[in-house]
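Asker: Have a look at this prediction, sequence included:
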Amino acid sequence: MSVAHLRFGDKQQMPDELARCRARDLGRAPGVLPAGPLNAITDVAGVRVGHVTLIEGDAIRTGVTAILPHGGNLYQDRVPAGQAVGNGFGKLMGSTQVIELGEIETPIVLTNTLAVPQAAEAVIAWTLTQPCNEAVVSVNRLSRVTIEALPPAQVTELIPHA
């Protein structure tokens, strides 16, 4: 195996066989547990994920991903949660509840910065329509980002398909 050493200003290129290489391909396995059969978040029993990509014209390239930690009513059966800031940029709604209570009560939604309010609105609307949530008066949603083009209806339509 050859490894190219790159420095700023070097014209040297990485060999083709390493250009799209993953850490596991190099013998580095992150974490302490083995990867699941698909090496995906959905390898975890009960976790469901849905995604929509929105492309409009030449200007809009965005999307949204919804993650359901289990298939039940998240508001009624909350899940333990923790938080770690990877880069400190973007918008993270609902993080106070995670920090203070160590739990989440809604789907986790990942989208772009300017779509966070719409995604949060959609998550609240979706949560309130779930069975046994008719009397709910407070919902703390977790919505993370990294174009205000994402309509709440897309998030609402996506969650049941996760």
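Answerer: Alright, I've got the coordinates.
Asker: May I ask which helix or strand encompasses the most centrally placed residue in the chain?
Answerer: Relative to the mean C-alpha position of the chain, the nearest C-alpha, by CA atoms, centre = their mean, is the one of residue 110, at 4.1 Å. Following DSSP states H and E, one finds residue 110 within strand 108-111.
Asker: and that strand, what's its mean pLDDT?
Answerer: Average pLDDT, strand 108-111: 92.
Asker: Can you find the helix or strand in this protein with the smallest mean pLDDT?
Answerer: strand 142-145 (a mean of 50; mean pLDDT, DSSP states H and E).
Asker: continuing past that strand, what's the next helix or strand?
Answerer: Following strand 142-145 in sequence order, the next helix or strand is helix 152-158 (DSSP H and E).
Asker: Which strands and helices lie in contact with that next one?
Answerer: Helices and strands touching helix 152-158, by 3 or more CB pairs under 8 Å, 6 or more residues apart in numbering; DSSP states H and E, are strand 48-56, strand 60-68, helix 116-128. For glycine as for every other residue, the C-beta is placed from the backbone atoms N, C-alpha and C.
Asker: now do 6 Å
Answerer: Packing partners of helix 152-158 (3 or more CB pairs under 6 Å, 6 or more residues apart in numbering; DSSP states H and E): strand 48-56, helix 116-128.
Asker: my guess is residue 119 contacts residue 155, does it?
Answerer: Yes - counting by CB atoms under 6 Å, residue 119 touches residue 155, with 5.2 Å between them.
Asker: Can you tell me the SS state at residue 100?
Answerer: Of the three states, residue 100 takes helix according to DSSP: H, G, I helix; E, B strand; the rest coil.
Asker: Select from the helices and strands packed on helix 152-158 the stretch with the lowest mean pLDDT.
Answerer: helix 116-128 (a mean of 89).
Asker: helices or strands up against the strand holding residue 110?
Answerer: Using 3+ CB pairs under 6 Å, 6+ apart: strand 108-111 touches strand 60-68, helix 116-128, strand 142-145.
Asker: I'd like to know which elements the longest one is packed against.
Answerer: Using 3+ CB pairs under 6 Å, 6+ apart as the contact criterion, the secondary-structure elements in contact with helix 116-128 are strand 108-111, strand 142-145, helix 152-158.
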